[in-house]
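S.K.: Sharing a sequence plus its predicted fold:
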Amino acid sequence: MESAFRDIDKALAEQLPSLTPNEASIEADRCLYCYDAPCTHACPTHIDIPNFIKKIASRNLRGSAQTIFASNLLGATCARVCPVQELCEGACVLGADHKPIAIGRLQRHAMDNARKNHSYPVVKAALTGKSIAVIGAGPAGLSCAGQLALLGHAVTIYERRHLPGGLSTYGIIALREPIEIALEETRMIEALGVQIRTGHEFGKDVTPASLLQDCDAVVLSVGLGKTPSLGIEGEEAIIDGLEFIEASKTTGASLRIGRNVIVIGAGNTAVDCATIAKRLGADQVTMVYRRTNREMTCYQHEYEFARAEGIEFRFLSQPLRVVLSSGLPIGLECLRIELGPPDASGRPAPTPVKGSEFVLAADQIVKAVGQLKPALAELLGIETKKGFIAVDTNFQTSMARVYAIGDCIRSTGAASTVMAVQDGKLAAAAIHKQLAQLEKQVEVS
């Protein structure tokens with residue numbers, strides 16, 4: 001079993017090696033240190049990128065990390081999982097004629113040094129006497145809790161899973177973020193005075209009424225639900241994509257990989273599932289999608305990465321049923337698709353071609369077709385927007401003293417870790433301001 005763990009660790013080791021001090025210095029020296037830098041504007045958390053890179057060039061790694069932490073407490077995670085090609089590096093002025101600065105790898109260099117030397121943020125603010133409960137220990141919840149702690153508030157995070165970290169711990173392939181990086185960031189947040197209580201499910205182990213009675217505010221950072229049902233015959237033999245990724249990070253040697261694997265879906269999670277299968281020994285991995293590569297929801301660089309891994313694609317194919325033998329999958333029957341006018345998503349609507357059924361051989365099928373909307377809104381009776389929790393500009397829900405952040409409110413735009421981190425930061429500032437205003441009103445009255 002230990003040998004299997006080592007094999008998995010090797011196959012799913014971080015995609016890019018750490019920069020050496022000399023490599024980091026050389027790369028940092030390439031930066032033009034732009035005034036009003038486009039890369040900073042492209043970063044959802046607005047890290048002062050030229051500043052942190054300049055400090056790396058002068059070998060001031062502690063100062064570089066402090067610059068990053070000032071805008072993003074989860075800088076180690078974001079350095080690894082952010083789509084830098086679409087954000088900061090995509091905006092780099094050197095990108096037009098030269099190679100853009102490796103901003104993500106330089107940020108990781110500074111964050112790895114901070115982790116090695118435990119040069120983390122410390123609480124300097126006076127205690128306010130206010131307490132806040134955060135539901136969910138994913139990136140949004142951790143960011144919000146950490147920022148609130150730095151402002152002097154007492155914060156407790158309630159997390160239903162055994163480990164904190166949310167998708168960073170359980171749902172992001174290890175070659176992008178090893179589980180230890182996610183857990184180290186949760187320890188950093190705890191060091192700020194935040195209590196993290198795992199194994200506590202909101203609505204079951206801790207109730208909304210009790211929290212609202214004991215706390216000054218409650219923040220919902222619950223992410224999204226399970227992968228939705230495909231509604232096809234034999235679906236019980238299909239593996240949930242998020243569970244597949246989780247197994248690759250937590251159970252290791254017990255993860256079974258088929259020889260001929262099909263992944264249904266075309267988002268970033270689907271690419272992660274296909275990559276795991278390919279790297280852990282599948283002879284053939286095929287991603288099945290009912291539209292074309294032009295409509296895929298994964299980033300372009302992820303699509304190119306998957307092709308470089310040897311992953312195959314079957315476009316314009318819609319799953320119809322799982323072909324079973326003795327309860328086990330032996331194939332996936334599909335229908336050919338034609339694309340019509342745009343549907344509600346703005347993409348060409350897929351129309352099945354009658355009589356075009358065909359079967360793809362498979363002994364393992366994984367689905368990664370998005371996640372269900374948060375069910376918590378219905379439990380609490382709060383307003384929703386397109387199935388997501390509705391919030392105002394201060395992240396407040398329709399329920400007094402209850403706020404929401406992260407993927408559970410993302411009714412428009414793409415959901416991402418860095419956007420969740422920014423939500424947490426902005427919500428913490430808004431909550432802090434509103435609590436201060438309420439305190440002044442009490443004093444006046």
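M.R.: Perfect, I can see it now.
S.K.: what ranges do the strands span in the stretch 251-400 of the chain?
M.R.: With DSSP state E, counting those that start in this stretch as the criterion, the stretch 251-400 of the chain has strands at 260-264, 284-288, 312-314, 317-325, 328-342, 348-352, 358-361, 364-367, 384-385, 388-389.
S.K.: any idea which of the ones you listed is most buried?
M.R.: strand 260-264 (a mean of 27; mean count of other C-beta atoms under 10 Å). All C-beta spots, glycine's among them, are computed from the backbone N, C-alpha and C.
S.K.: For whichever helix or strand E243 is part of, buried residues please.
M.R.: Using DSSP states H and E, E243 maps to helix 241-250. For helix 241-250, the neighbour count (16 or more other C-beta atoms under 10 Å) marks 241-242, 244-249 as buried.
S.K.: And what about T128, helix, strand or coil?
M.R.: Here T128 takes the coil state, with states given by DSSP: H, G, I helix; E, B strand; the rest coil.
S.K.: Just give the number of residues close to it.
M.R.: Using other C-beta atoms under 10 Å, T128 has 16 neighbouring residues.
S.K.: Test my guess that it contacts L435.
M.R.: Yes. Judged on C-beta atoms under 8 Å, T128 makes contact with L435 at a distance of 7.2 Å.
S.K.: one step back: any chance of the strands of the stretch 251-400 of the chain in TSV, with mean pLDDT too?
M.R.: What follows is the strands of the stretch 251-400 of the chain, written out as TSV (pLDDT from 0 to 100):
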stretch	mean pLDDT
strand 260-264	98
strand 284-288	98
strand 312-314	98
strand 317-325	98
strand 328-342	96
strand 348-352	93
strand 358-361	98
strand 364-367	98
strand 384-385	96
strand 388-389	96
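S.K.: Which one, of the ones you listed, ends up nearest to C408?
M.R.: Ranking these by proximity to C408 (C-beta to C-beta) places strand 388-389 first, at 5.1 Å.
S.K.: Show me what secondary structure element comes after that closest one.
M.R.: Next along from strand 388-389, by DSSP H and E: strand 402-404.
S.K.: Check the model's average confidence along that next one for me.
M.R.: Averaging pLDDT along strand 402-404 yields 98.
S.K.: Distance to S221 added to the strands of the stretch 251-400 of the chain, as CSV?
M.R.: Conversion of those to CSV gives the following (distance: least, C-beta to C-beta, whole Å):
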stretch, distance to S221
strand 260-264, 28
strand 284-288, 30
strand 312-314, 34
strand 317-325, 33
strand 328-342, 33
strand 348-352, 34
strand 358-361, 39
strand 364-367, 25
strand 384-385, 16
strand 388-389, 10
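S.K.: Tell me which of those sits nearest to G199.
M.R.: Closest to G199 of the strands of the stretch 251-400 of the chain is strand 388-389 (C-beta to C-beta; 23.6 Å).
S.K.: for that closest one, packing partners?
M.R.: Here strand 388-389 touches helix 376-380, going by 3 or more C-beta pairs under 8 Å, 6 or more residues apart in numbering; DSSP states H and E.
S.K.: just to revisit the earlier point, specify which member of the buried residues of helix 241-250 is nearest to A114.
M.R.: Nearest to A114 among those, counting by C-beta to C-beta, is K249 at 23.2 Å.
S.K.: And the closest residue to Q364 other than its chain neighbours, how far from C334?
M.R.: Using C-beta to C-beta, 6 or more residues apart in numbering and skipping the chain neighbours, the partner closest in space to Q364 is G258 (2.8 Å). For G258, the distance to C334 (C-beta to C-beta, to the nearest Å) stands at 18 Å.
S.K.: D283: neighbour count?
M.R.: A count of neighbours around D283, defined by other C-beta under 10 Å, yields 12.
S.K.: any idea how far it is from R259?
M.R.: Noted for D283: a distance of 5 Å to R259, by C-beta to C-beta.
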